[in-house]
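Visitor: got a predicted structure here, sequence first:
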Amino acid sequence: MRARTRTGLGALAAGVVSVLLAGTASAAPAPGAPGVGDPYYPNAGNGGTDVLHYDIRLSYQPATDLLSGTTTLLLTATQDLSRFDLDFALKASSVRVNNRPARFANQNGNGELVITPAQPLLKGQTATVVVAYADTPSTEKVDGLNAWKKGSFGALGIDEPQSSAWWFPANDHPTDKATYDVTIEAPDGNAAISNGTLVRKSKQRAGWTRWQWRSTKPQATYLTSFIVGKYEVVESTTPDGKPFINAYGADLGDSLYAAKASVERTPEINEFLATQFGPYPFEAQGGVVTSGIGFSLENQTRPTYGARNFRFGSNTTLIAHENAHQWFGDDVSLGRWSDIWLNEGFASYAEWLWSEHEGEGTVAELAQYTYDSNPADGDLWKLVPADPGADNQFDNAVYDRGALALQALRTAVGDQAFFEILKTWLAQKAGSHGRILEFIALAEKISGKPLHDLFQTWLYTAGKPSVGPNGAAAAAARVASVKPRSYDQIQQNHRFLHAEHAG
């Protein structure tokens, strides 16, 4: 599951597009592949199906960690299927496909639920798949890992690159997005939080409350959140009328006010980011602050923030980072996990944009200081952002060197072309996914400049580039001789962001 590959720009280009010739119409239905073929995570996702919608209806008891209920998937067969997989770490108790009981095998050690329907699914056929289960997520591992968080804070189905397998069966890869209805019943006194709009809260039995959430825009599995625990939930609306729902853990202590002073500014920050990237892409906004994680994650419409990110005070650069992901990573997702630069490099660059907006150092100053502060033999230059390897996806090189690559691009093509590239990328890929080479091709098309050497230097070649991100002329003039005020906060954010993923 942690296979590692490294390729140069030219070698990767040869493998971007592959064509699989279809068999004859009379070919017998065949099993779907156990994964989508992502080299970093071979079992991630599944072949042969395209999920359209998840209806997840669960009850959760924090005292015992018992999670029970059903997930109903509406999916389309992309080939004639004799059987298919779903990514799932828990034990299913029953499976029905188009209302008929199906045979199934819980391969919990490798996270696969193998389903054989009573009748094969034909290519183009839409099927209803209902999986019932009751299990304790904290006891189940996939390839020796467990992404479920359980503690005094309650429970969190939050992590990257994988977390959904510990609470619902799915086609767990960012290239297969779907819409969602998530309803979670929890004991009274607990909040149950997910993505999108809070449709309603209801009571059907004494001592329990059910929270119903709806996500109407395409959403990746790892961006779908499960949060149950004691939280203060604050509901309001953004200036343009979107639901704005935040939640703060009851155990935040002295960090509570700093967290609120940051997260409550989300609509303001998104208004600014929209001037840089185009309209905010989703139907709701918000955030959750919890002591249950040390990192933060860009869960769609409602990022989750580790409480320790606010221990030194307000931290709006973190809010800018995670909400920039609503554009880069959520609305436009990566096509393979090796493309993580398309998420983290861009969100890190957004921190610099926000810092400049706040008068805490220009983008050029922050970029130059980052470049100058990392010696040629430093760790920042040892990994290549375009293919860091599965074990190093959240290395500082992906964040900081990734952001430097964008500043080098901006220097090369000019401000007008640079922001046109970003906005066009987002408009063309909205609701879907993209690859690094596709972004490079778009940048060359819009700018009218050959950019192969620039990207080869900044994304695909280990070692410190000989010329900084602001170009040779800026290097001679020394863009900044002092450290910008926001630099230390940004560096702290990046250490926290990658330190505990999939730990």
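Guide: Perfect, thanks for sending it. Residues are numbered from 1 along each chain as shown.
Visitor: pick out the residue closest to the middle of the chain.
Guide: With distances taken as CA atoms, centre = their mean, residue 223 lies nearest the centre of the chain, 5.0 Å away.
Visitor: pull the contacting residues for it.
Guide: By CB atoms under 8 Å, 6 or more residues apart in numbering, the residues touching residue 223 are 195, 297, 298, 299, 300, 329, 330. Using the backbone N, CA and C atoms, a C-beta is placed for each residue, glycine as well.
Visitor: at 10 Å instead, please
Guide: Residue 223 sits next to 158, 160, 163-164, 174, 177, 180, 195, 215, 297-303, 325-326, 329-330, 333 when contact means CB atoms under 10 Å, 6 or more residues apart in numbering.
Visitor: just to confirm, which helix or strand has residue 59 in it?
Guide: strand 49-61 (DSSP states H and E).
Visitor: list the strands paired with that strand, with their directions.
Guide: strand 66-77 (antiparallel), strand 178-187 (parallel) (DSSP bridges).
Visitor: from residue 179, how far off is residue 219?
Guide: Applying CB to CB, to the nearest Å, the value for residue 219 to residue 179 is 7 Å.
Visitor: who's more crowded, these two?
Guide: residue 219 (25 against 17; other CB atoms under 10 Å).
Visitor: with adjacent residues omitted, what lies nearest to the residue nearest to the centre of the chain?
Guide: Spatial nearest neighbour of residue 223, excluding adjacent residues (CB to CB, 6 or more residues apart in numbering): residue 300 at 4.4 Å.
Visitor: give the contact list for that neighbour.
Guide: 177, 180, 194-196, 215, 217-220, 222-225, 281-282, 284, 325-326, 329-331.
Visitor: repeat that with 8 Å
Guide: So residue 300 contacts 195, 196, 215, 217, 219, 220, 223, 224, 282, 326, 330 (CB under 8 Å, 6+ apart).
Visitor: and residue 45, by the same measure?
Guide: Contact analysis of residue 45 by CB under 8 Å, 6+ apart lists 35, 36, 38, 87, 171, 172, 173, 175, 176.
Visitor: got it, and residue 280?
Guide: Shown in contact with residue 280 (CB under 8 Å, 6+ apart): 242, 270, 273, 274, 326, 327.
Visitor: for PyMOL, write the select line for the buried members of the residues you listed.
Guide: PyMOL command restricting the contacts of residue 280 to the buried ones, with burial defined by 16 or more other CB atoms under 10 Å:
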select buried, resi 242+270+273+326+327
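Visitor: for the contacts of residue 280, which one is nearest residue 489?
Guide: Residue 489 lies nearest to residue 273 out of the contacts of residue 280, by CB to CB, at 17.7 Å.
Visitor: and the closest one, that one's in a helix?
Guide: Yes. Under DSSP: H, G, I helix; E, B strand; the rest coil, residue 273 sits within a helix.
Visitor: quick revisit: and the residue nearest to the centre of the chain, backbone torsions?
Guide: Dihedral pair for residue 223: phi -90, psi 0, per degrees, to the nearest 10.
Visitor: pLDDT at it, what is it?
Guide: At residue 223, the pLDDT value in this model is 98.
Visitor: quick check: it vs residue 308, distance?
Guide: Taken as CB to CB, the span from residue 223 to residue 308 is 22 Å.
Visitor: longest helix in the protein, please.
Guide: In the chain, with assignment by DSSP state H, the single longest helix is helix 341-357.
Visitor: how distant is it from the center of its chain?
Guide: 15 Å (CA atoms, centre = their mean, to the nearest Å).
Visitor: and that helix, what does it pack onto?
Guide: Under the contact criterion of 3 or more CB pairs under 8 Å, 6 or more residues apart in numbering; DSSP states H and E, helix 341-357 touches helix 266-277, helix 316-324, strand 333-334, helix 363-373, helix 402-413, helix 436-447, helix 487-499.
Visitor: switch the ones you listed over to CSV; also include distance to residue 231 and mean pLDDT.
Guide: What follows is the helices and strands packed on helix 341-357, written out as CSV (distance: least, CB to CB, whole Å; pLDDT from 0 to 100):
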stretch, distance to residue 231, mean pLDDT
helix 266-277, 16, 98
helix 316-324, 18, 98
strand 333-334, 28, 98
helix 363-373, 34, 97
helix 402-413, 32, 98
helix 436-447, 37, 98
helix 487-499, 20, 67
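Visitor: closest to residue 122 out of the ones you listed?
Guide: For those, the distance to residue 122 is smallest for strand 333-334, at 28.4 Å, taking CB to CB.
Visitor: which parts of stretch 263-281 are buried?
Guide: Buried, per 16+ other CB under 10 Å, within stretch 263-281: 263-264, 266-267, 269-270, 272-273, 276-278, 280-281.
Visitor: excluding covalently adjacent residues, which one is nearest to residue 408?
Guide: Counting by CB to CB, 6+ apart, the residue nearest residue 408 is residue 469, at 4.5 Å.
Visitor: which residues does residue 303 contact?
Guide: If you count contacts by CB under 8 Å, 6+ apart, residue 303 has them with 287, 288, 296, 297, 319, 322, 323, 325.
Visitor: list the contacts for residue 284?
Guide: 195, 196, 197, 242, 243, 244, 245, 301, 302.
Visitor: and the pLDDT at the first one?
Guide: Here, the pLDDT recorded for residue 195 equals 98.
Visitor: neighbours around it, how many?
Guide: Other residues lying near residue 195 total 24 when counted by other CB under 10 Å.
Visitor: how near is it to residue 468?
Guide: In terms of CB to CB, residue 195 sits 39 Å off from residue 468.
Visitor: cool, the second one as well?
Guide: From residue 196 across to residue 468, the span is 42 Å (CB to CB).
Visitor: of those two, who's got more company?
Guide: Using other CB under 10 Å as the criterion, residue 196 and residue 468 rank with residue 196 on top: 25 against 21.
Visitor: now the more buried one: phi and psi?
Guide: Dihedral pair for residue 196: phi 80, psi -140, per degrees, to the nearest 10.
Visitor: so what's it closest to, chain neighbours aside?
Guide: Spatial nearest neighbour of residue 196, excluding adjacent residues (CB to CB, 6+ apart): residue 215 at 3.6 Å.
Visitor: before we move on, the earlier item: which residues does the strand holding residue 59 contact?
Guide: 32, 66-78, 81, 84, 126, 155, 167-168, 170-171, 176, 178-187, 192, 208, 224, 226, 228.
Visitor: narrow those residues to those that are buried.
Guide: Buried members of those, scored by 16+ other CB under 10 Å, are 32, 67-73, 75, 77-78, 81, 84, 155, 167-168, 170-171, 176, 178-186, 192, 208, 224, 226, 228.
Visitor: which one of the buried residues of stretch 263-281 is nearest residue 93?
Guide: Nearest to residue 93 among the buried residues of stretch 263-281, with distances taken as CB to CB, is residue 281, at 37.3 Å.
Visitor: okay, now the domains of the protein?
Guide: 29-179, 230-327, 337-499 (automatic domain parsing).
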